[in-house]
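Undergrad: show me the folded form of this:
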Amino acid sequence: MAQPPILSLEGMALQQGGKWLFGGPDHDPLDLHIGPRDRLALIGRNGVGKTTLFRMIDGQLETDAGTRKIKPGTRIVLLEQDPDLSGHSTLMDWALDGVHAPQEHEVEAIAGQLGIDMSRATKGASGGEKRRAAIARALAQDPDLLLMDEPTNHLDLAAIEFLEGWLDRYRGAFLVISHDRTFLKRLTRATIWLDRGNLRRKEVGFGGYEAWEEQVYAEEARAAEKLDAKLKLEAHWLERGVTARRKRNQGRLEKLWQMRAQRASMIASAGTAKLKLATEEDFKSKSVIVAEGITKSFGERTIIKPFNLRIQRGDRIGIVGSNGAGKTTLLKMLTGELEPDSGTVEIAKTLTGVMIDQQRQLLTDDKTVRQVLAEGGDWIDVRGNRKHVQGYLKEFLFDPKIVDMKVAVLSGGERSRLLLAREFAKASNLLVLDEPTNDLDLETLDLLQEVIADYEGTVLIVSHDRDFLDRTVTITLGLDGTGKVDIVAGGYEDWEKKRRAPVERKEKRQDKPAAKPAEQARAKPTKLSYKDQRDLELLPSRIEELEAAIAKGETILSDPDLYTKDPKKFATISEGIENARTEKDAAEERWLMLAEMAEAL
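TA: Numbering: from 1, shown residues only. The predicted structure is shown next:
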């Protein structure tokens, strides 16, 4: 670390509920050092103690062992998930109360950017209003160290982008817990991983976390094989499953790209459907929702301008936009819950939907998990397939032993996951998800991505989670707040590119002097270079060769006696696999870039 830390935790141990969360006989003592400009992501499954660690850093918790050292004058501010606003009449009253009470004008300035009225009464304030008020309060305190627990939950895209911009300019240190991959990738420079009571740190931002995680698990697996500790591996089935799930999801992403390309050929620039790959009759026969000329206004405000859309079986539709832009209104019109002011919505008679919305009804506390899923029995019907309830729990990242636990003891994230498990079991061919990623951890998001990819019906998703949309949807409906709805083949990033394109073209026209005819001819290449064209043609076969080499190497390493018999060979093959993976990743990235260039030309 280039500069001395502003805060250190050394040799920390903490016991909760009779079990050692950190330190003690089962874990190493916890050590953590935070520098004055650190940008840290705190990663770990729900329940491992991330929020508890925040409270230790903030000085709220007294530990069983260890010391907490803080540089004199350091101001620490904790942005909690669910702040206690009791005892305050308005959001501003609450914001101006506390150890580091900010100035009212500073709170107002930030609140204005976030779109929150701080004179709003605390009683009856929504989750999104409380979150915006908490962010305004935290940022206005000008902290040296900012601790953020799921800061983007309940925020719309405009508020998230403001927060990202503020943090990008921020001169202090921050530590953040978040399931928002895009947020983490853009802002963090180092990752702290809390895993089974141990804390690891690596000087890479979240963008490098998953590769690091898989490397750690692979090293553990090899060590376990050397020691013949198969029972230990079995105890960590979840971690193995998470890693395998991410690999499977890469294959699903390739399929998603193919689906997007197919749908792109059916979407005209104006957003109306056209046919290239199928007959008009075939296209219509696959349609499950057809909206023609639908509009919606509330008073004098236009929410949806005349809009046409034809949704086919198997489409994954993402709906994005700022709060108040009309996302939920559009969703309700497409599903028949709300009548349009004009136009028509035709819904296939065979469509049977399941709705999972952001106002999730609380599961009954006194019921057991078994009662919630299987009405107290041992078996559950999952879309026509009979499964044992404990096996089904495992699919949703639960320890099967919780089957007879009361819902009351589950965390908020676990309750959300249990609700997803229950709803996904129902027979349906339309899945409607309104802000499904709130309160979910990264592993559950990977699981949700997998379930959506394997779902045989049509999916409608309203979400502010940009990375999640990029990984799941084939078409994005983008609402800009004026009533216009963009229809884009692809995810959030594709919609962003479409939004940026007119501005970027305008800036180029303003900044760049007019080119002469000869210069214009040279400015834009009309074809790929010889090397680029050759790479575009040859890279697919090279990628296949590398995949075969990796598979062959992994087969050899699967011999449990190899390390003992020939450790040198074991090391050589392991290194070869890692090199092949690195080359494969680079080859895939270059091929995708060249394919996009070729398509643009």
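Undergrad: helix or strand, whichever it is, which one in the chain has the lowest mean pLDDT?
TA: Least confident element among the helices and strands of the chain, by mean pLDDT, DSSP states H and E: helix 230-235 (a mean of 43).
Undergrad: contacting residues around stretch 535-551?
TA: Residues from elsewhere that reach stretch 535-551, judged by Cβ atoms under 8 Å, 6 or more residues apart in numbering: 528, 576-577, 580-581, 583-584, 587-588, 590-591, 594-595, 598. No exception for glycine: its C-beta is placed from N, CA and C like everyone else's.
Undergrad: how far off centre is it?
TA: 30 Å (Cα atoms, centre = their mean, to the nearest Å).
Undergrad: so for it, mean pLDDT?
TA: For stretch 535-551, mean pLDDT is 83.
Undergrad: and stretch 488-503, by the same measure?
TA: According to the model, stretch 488-503 has a mean pLDDT of 84.
Undergrad: what residues go with each domain of the protein?
TA: Listed domain ranges for the chain are 7-221, 280-502, 524-601 (source: automatic domain parsing).
Undergrad: quick one: low-confidence parts of the protein?
TA: 1-2, 224-251, 265-285, 357-362, 502-526, 558-561, 563-564, 596, 599-601 (pLDDT under 70).
Undergrad: state which helix of it is the longest.
TA: Ranked by number of residues, the top helix in the chain under DSSP state H is helix 567-600.
Undergrad: what comes up buried for that one?
TA: 570, 573-574, 577, 580-581, 583-584, 587-588, 591, 594, 597 (16 or more other Cβ atoms under 10 Å).
Undergrad: which helix or strand contains K349?
TA: K349 belongs to no helix or strand when elements are defined using DSSP states H and E.
Undergrad: measure it to R68 for me?
TA: 64 Å (Cβ to Cβ, to the nearest Å).
Undergrad: among the two, which residue is more densely surrounded?
TA: R68 (17 against 7; other Cβ atoms under 10 Å).
Undergrad: give the buried residues for the helix or strand containing that one.
TA: For R68, the element it lies in under DSSP H and E is strand 65-70. Across strand 65-70, burial judged by 16+ other Cβ under 10 Å covers 66, 68, 70.
Undergrad: quick check: the gap between the residue lying closest to L562 once chain neighbours are set aside and L557.
TA: Nearest residue to L562, sequence neighbours excluded (Cβ to Cβ, 6 or more residues apart in numbering): F570, at 5.2 Å. Noted for F570: a distance of 7 Å to L557, by Cβ to Cβ.
Undergrad: check R316 too.
TA: Applying Cβ to Cβ to R316 and L557 gives a distance of 37 Å.
Undergrad: which of the helices or strands spans the nearest residue to R181 once chain neighbours are set aside?
TA: Once flanking residues are discounted, R181 sits nearest to D467: 3.7 Å by Cβ to Cβ, 6+ apart. Here D467 sits within helix 466-472, counting by DSSP H and E.
Undergrad: follow-up on the earlier one: how about the buried residues of helix 567-600 in a markdown table, adding distance to L256?
TA: Formatted as a markdown table, the buried residues of helix 567-600 follow (distance: Cβ to Cβ, whole Å):
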| residue | distance to L256 |
| --- | --- |
| F570 | 37 |
| I573 | 33 |
| S574 | 32 |
| I577 | 27 |
| A580 | 25 |
| R581 | 22 |
| E583 | 24 |
| K584 | 19 |
| A587 | 20 |
| E588 | 15 |
| W591 | 17 |
| L594 | 20 |
| M597 | 21 |
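Undergrad: farthest-separated two in those?
TA: Greatest spatial distance among these (Cβ to Cβ): F570 and M597, at 41.2 Å.
Undergrad: tell me what L479 is bridged to.
TA: V485 (DSSP bridges).
Undergrad: got the phi/psi numbers for G127?
TA: Main-chain torsions, G127, degrees, to the nearest 10: phi -60, psi -40.
Undergrad: circling back to that earlier point, higher neighbour count, R316 and L557?
TA: Neighbour totals were compared for R316 and L557, and R316 leads with 25 against 19 (other Cβ under 10 Å).
Undergrad: L469 is in contact with the more buried one, correct?
TA: No. Contact between R316 and L469 fails when scored by Cβ atoms under 8 Å: they sit 9.3 Å apart.
Undergrad: determine the residues that are contacts of both of these two.
TA: Joint contacts of R316 and L469 (Cβ under 8 Å, 6+ apart) are I461.
Undergrad: contacts only, for T188.
TA: Applying Cβ under 8 Å, 6+ apart, the residues near T188 are 39-41, 176, 205-206.
Undergrad: out of those, name the ones that lie in helices.
TA: Those of the contacts of T188 lying in helices (DSSP H): none at all.
Undergrad: pull the most distant pair out of those.
TA: V176 and G205 (11.2 Å).
Undergrad: so between the two, which is more surrounded?
TA: The residue with more neighbours, out of V176 and G205, is V176; 24 against 18, by other Cβ under 10 Å.
Undergrad: from V473, how far off is that one?
TA: Distance from V176 to V473, by Cβ to Cβ: 26 Å.
Undergrad: swap in V320?
TA: V320 is 9 Å from V473, by Cβ to Cβ.
Undergrad: ok, now P567?
TA: P567 is 47 Å from V473, by Cβ to Cβ.
Undergrad: got it, and E346?
TA: 22 Å.
Undergrad: quick one: which of these two has more around it?
TA: Taking neighbours as other Cβ under 10 Å, E346 and V473 compare with V473 leading, 30 against 13.
Undergrad: which one is R68 nearest to, not counting chain neighbours?
TA: Setting aside the residues directly before and after it, R68 is nearest to L9 in space (Cβ to Cβ, 6+ apart), at 5.7 Å.
Undergrad: same question for D404.
TA: According to Cβ to Cβ, 6+ apart, the nearest residue to D404 is T368 (5.2 Å).
Undergrad: what sits against that neighbour?
TA: 376, 403-407.
Undergrad: same question, T302
TA: 295-296, 482-483.
Undergrad: ramachandran angles for it?
TA: phi -80, psi 120.
Undergrad: same check, this time on V459
TA: phi -130, psi 130.
Undergrad: for G353, see how far away it is.
TA: 10 Å.
Undergrad: neighbour count for those two, which is higher?
TA: For V459 versus G353, neighbours defined as other Cβ under 10 Å are more numerous around V459 (21 against 17).
Undergrad: confirm for me that that one is in contact with D315.
TA: Yes. Shown here, V459 and D315 form a contact pair, counting by Cβ under 8 Å, at 7.4 Å.
Undergrad: re the thing from before, now intersect the contacts of T188 with the strands, please.
TA: Among those, the ones falling in strands (DSSP state E) are 39-41, 176.
Undergrad: so which of those comes closest to D93?
TA: The closest of those, once distances to D93 are taken by Cβ to Cβ, is V176, at 27.1 Å.
Undergrad: contact partners for the closest one?
TA: V176 neighbours (Cβ under 8 Å, 6+ apart): 40-42, 147-148, 151, 183-184, 187-188.
Undergrad: which of those residues are buried? Put it as a ChimeraX command.
TA: Buried residues within those, by 16+ other Cβ under 10 Å, are selected in ChimeraX with:
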select :40,41,42,147,148,151,183,184,187,188
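Undergrad: can I get the contacts of V176 in a markdown table with distance to S86?
TA: Putting the contacts of V176 into a markdown table (distance: Cβ to Cβ, whole Å) gives the following:
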| residue | distance to S86 |
| --- | --- |
| L40 | 31 |
| A41 | 31 |
| L42 | 28 |
| L147 | 22 |
| M148 | 22 |
| P151 | 22 |
| F183 | 29 |
| L184 | 32 |
| L187 | 32 |
| T188 | 33 |
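Undergrad: let's see which of the contacts of V176 end up in helices.
TA: Reading helices off these with DSSP H, I get 183-184, 187.
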